[in-house]
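Undergrad: build the 3D model from these lines:
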Amino acid sequence: MKTAMKTLIQGGRVIDPATGFDAITDVALADGVVVAIGNRTDFTPDQTIDATGCIVMPGLIDLAVRLREPGHEHAGMLASELAAAVAGGVTRVVCPPDTDPVLDEAGLVEMLRYRADRLQLAGVYPLGALTRNLEGEVLTEMLHLTQAGCIGFGQAEVALADTQVMQRALQYASTFNYTVWLRPQEKYLGKGVAASGPLAMRMGLSGVPVAAETIALHTIFELVRSTRARVHLCRLSSAAGVALVRQAKQEGLPISCDVSINSLHLTDVDMGYFDSRMRLNPPLRQQHDRDALRAALADGTIDALVSDHTPVDDDAKALPFAQSEPGATGLELLLSLTYKWALDHNIPLAQALGTITHRAADVVGSAWGDAAAMVGRLQVGAPADVCVFDPAAHWVVESSALRSQGPHTPFSGYELPVRVRATVVGGHVAYRA
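TA: Here you go, the predicted model:
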């Protein structure tokens, strides 16, 4: 374990999205926490980071990151993907349970966390499988998985078809105040490879209708009404889904939700001529869906923005669109695409950054542990997770320059704003450009 050094971040524009604090000043870090914000003459640092011209903010929290470990065929990917995380300013990642083997046993969760802790890069917070082997039949030992370090439970991309199993899972989760993470997708309607619509029809691609999302949402909300379980909805994709979530929140149901950078910026038209880099789950939908997602993220109906980082190797992407593996890299793009959204749509910067910091942290809530109330904040006493970035820098996305072992992205060739200059995790500098 590396020892957290006393670090002084000097002269940056310090933004805490949770409180709206915004000033050019210093940030002092020691013993793994923020000890001062402002000029402090009695603080003698071991190292200094010059943040002149940069923005200093809480480290990013990404709620949807596949690390491919544990995994028999993906040795070494934990290190490469967590290196991509800190290069993108991400200090904490939540990983779904659809690994190989599935995260349905405490020993596997403990092994993953042990390997991640040894790397001393971004913190890893696993979701445990809701059912054994994600088969949708037998519930896992949620108590043991929680004790091993799981912050919630889900089915990843595997739709839970048995409503009775879902009801039992939510009843159990409600009893112990666990959060269940579900991507709303009806099992049989969700088997297509592109969003249903004129474009998919012209291209001869099997479609996923909006009803696949809305039917699942109706089912989830009915069960939440009866169980009062807390549910996080993963990667909302449609305008109709947004309307249902907004109504459910107004009703007071204990739900939260997120949207991916892909759905926030792209539409089905971007598939071009069967570009497999656009093969994603959920599929890219029409422009009115994208517009509704953007509005919902801005008004707080959608709580968090996620990268949906899913590294896919060359062989799995170099196939016809319908046969290619869905997924795209995103960890190194999350901050830039958040900033781009703010610029393009006149979203106040602190508000935009809140979707990848404190608002994302609040989804996890008390499962962070003792420091839960301070995670995702840049305040005295908060964890020393900090991102320093240059807002004036621009870069062109090139797969060859990304750190992920699965560098395929639909944003290849895009010119994006923002470059991360330093990332501090738990008080030690995990990345420095």
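Undergrad: now the phi/psi pair for Val418, please.
TA: Recorded main-chain torsions at Val418 are phi 80, psi 130, according to degrees, to the nearest 10.
Undergrad: burial measure for it, as a count.
TA: By the other C-beta atoms under 10 Å criterion, the neighbourhood of Val418 contains 22 residues. In short, each C-beta sits where N, CA and C put it, glycine included.
Undergrad: equivalent analysis for Pro101, please.
TA: Applying other C-beta under 10 Å, we find 13 other residues in the vicinity of Pro101.
Undergrad: need the pLDDT of it.
TA: The model reports Pro101 with a pLDDT of 93.
Undergrad: so what's Ser174 up against?
TA: Listed by C-beta atoms under 8 Å, 6 or more residues apart in numbering, the contact partners of Ser174 are 227-230.
Undergrad: so which strand or helix has it?
TA: Taking DSSP states H and E as the criterion, Ser174 maps to helix 163-176.
Undergrad: next SSE after that helix?
TA: As assigned by DSSP H and E, the chain's next helix or strand after helix 163-176 is strand 179-182.
Undergrad: what lines up beside that following strand in the sheet?
TA: Looking at strand 179-182 with DSSP bridges, its partner strands are strand 153-154 (parallel), strand 230-233 (parallel).
Undergrad: make a markdown table out of these and add mean neighbour count and mean pLDDT.
TA: Below are the strands paired with strand 179-182 laid out as a markdown table (neighbours: other C-beta atoms under 10 Å; pLDDT from 0 to 100):
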| stretch | mean neighbour count | mean pLDDT |
| --- | --- | --- |
| strand 153-154 | 27 | 98 |
| strand 230-233 | 24 | 98 |
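Undergrad: where do the helices sit along the protein?
TA: Across the chain, reading from the start of the chain, the helices by DSSP state H fall at 77-87, 106-119, 142-148, 163-176, 198-203, 211-227, 239-251, 261-265, 287-299, 314-317, 334-344, 349-354, 358-364.
Undergrad: out of those helices, which is closest to Pro184?
TA: helix 211-227 (3.8 Å; C-beta to C-beta).
Undergrad: mind listing what's buried in that closest one?
TA: Applying a neighbour-count criterion of 16 or more other C-beta atoms under 10 Å, the buried positions in helix 211-227 are 212-217, 219-221, 223-224, 227.
Undergrad: same deal with stretch 391-407?
TA: Judged by neighbour count using 16+ other C-beta under 10 Å, the buried positions of stretch 391-407 are 393, 397, 399, 402-407.
Undergrad: what angle sits between the helix holding Ser174 and helix 211-227?
TA: Following axes from the mean of the first three to the mean of the last three C-alpha atoms, to 10 degrees, one obtains 50 degrees for the angle between helix 163-176 and helix 211-227.
Undergrad: tell me which residues of helix 163-176 come out buried.
TA: If you call a residue buried by 16+ other C-beta under 10 Å, then helix 163-176 has these buried ones: 165-167, 169-170, 172-174.
Undergrad: show me which of those is closest to Ile55.
TA: Using C-beta to C-beta, Ala173 comes nearest to Ile55 of the buried residues of helix 163-176, at 37.8 Å.
Undergrad: quick one: residues contacting the closest one.
TA: 142, 153, 179-180, 227, 229-230.
Undergrad: for Asp31, grab phi and psi.
TA: phi 50, psi 30.
Undergrad: Ser324: which of the strands paired with strand 179-182 is closest?
TA: strand 153-154 (24.2 Å).
Undergrad: residues contacting the closest residue in space to Leu78 that isn't next to it in sequence?
TA: Across the structure, with C-beta to C-beta, 6 or more residues apart in numbering as the measure, the residue nearest Leu78 apart from its sequence neighbours is Glu69 (4.2 Å). Residues touching Glu69, when contacts are defined by C-beta under 8 Å, 6+ apart, comprise 77-78, 99, 112, 115.
Undergrad: tell me the pLDDT of the closest residue to Ile37 other than its chain neighbours.
TA: In space, and not counting its chain neighbours, Ile37 is closest to Val27: 5.5 Å by C-beta to C-beta, 6+ apart. pLDDT, the model's per-residue confidence, is 97 for Val27.
Undergrad: cool, Gly369 as well?
TA: Confidence per residue is given as pLDDT, and for Gly369 that number is 88.
Undergrad: what's near enough to touch Arg225?
TA: Leu253.
Undergrad: same question, Arg419
TA: Contacts of Arg419 (C-beta under 8 Å, 6+ apart): 389-390, 393-395, 433.
Undergrad: ok, it to Ala122 distance?
TA: Between Arg419 and Ala122 the computed distance is 18 Å (C-beta to C-beta, to the nearest Å).
Undergrad: run a quick neighbour tally on Arg202.
TA: Each residue near Arg202 was counted by other C-beta under 10 Å, and the total is 8.
Undergrad: meant to ask about Leu103
TA: Leu103 is flanked by 27 other residues according to other C-beta under 10 Å.
Undergrad: skip the chain neighbours and tell me the closest residue to it.
TA: Closest residue to Leu103 apart from its sequence neighbours, by C-beta to C-beta, 6+ apart: Pro97 at 3.8 Å.
Undergrad: tell me the contacts of that neighbour?
TA: Applying C-beta under 8 Å, 6+ apart, we find Pro97 in contact with 103-104, 126-130, 134, 153-156.
Undergrad: got the contact list for stretch 41-57?
TA: The set of residues external to stretch 41-57 that reach it, using C-beta under 8 Å, 6+ apart, is 5-17, 27-28, 30, 35-36, 353, 357, 378, 386-392, 421-422, 424, 429, 432.
Undergrad: now the buried members of those residues.
TA: Neighbour-count burial within the contacts of stretch 41-57 applies to 6-17, 27-28, 30, 35-36, 353, 357, 378, 386-390, 421-422, 424, 429; the criterion is 16+ other C-beta under 10 Å.
Undergrad: strands - which of these land there?
TA: Per DSSP state E, strands hold the following members of these: 7-16, 27-28, 30, 35-36, 386-390, 421-422, 424, 429.
Undergrad: wait, Gly20 touches Ala350, no?
TA: Yes: contact between Gly20 and Ala350 holds when scored by C-beta atoms under 8 Å: they sit 5.7 Å apart.
Undergrad: okay, the two: which has more neighbours?
TA: Neighbours per residue, other C-beta under 10 Å: of Gly20 and Ala350, the larger number sits with Ala350, 18 against 11.
Undergrad: quick one: contacts for the more buried one?
TA: With contact set as C-beta under 8 Å, 6+ apart, Ala350 has these partners: 15-17, 20, 22.
Undergrad: excluding its backbone neighbours, what's nearest it?
TA: Nearest residue to Ala350, sequence neighbours excluded (C-beta to C-beta, 6+ apart): Pro17, at 4.5 Å.
Undergrad: thanks a lot, catch you later.
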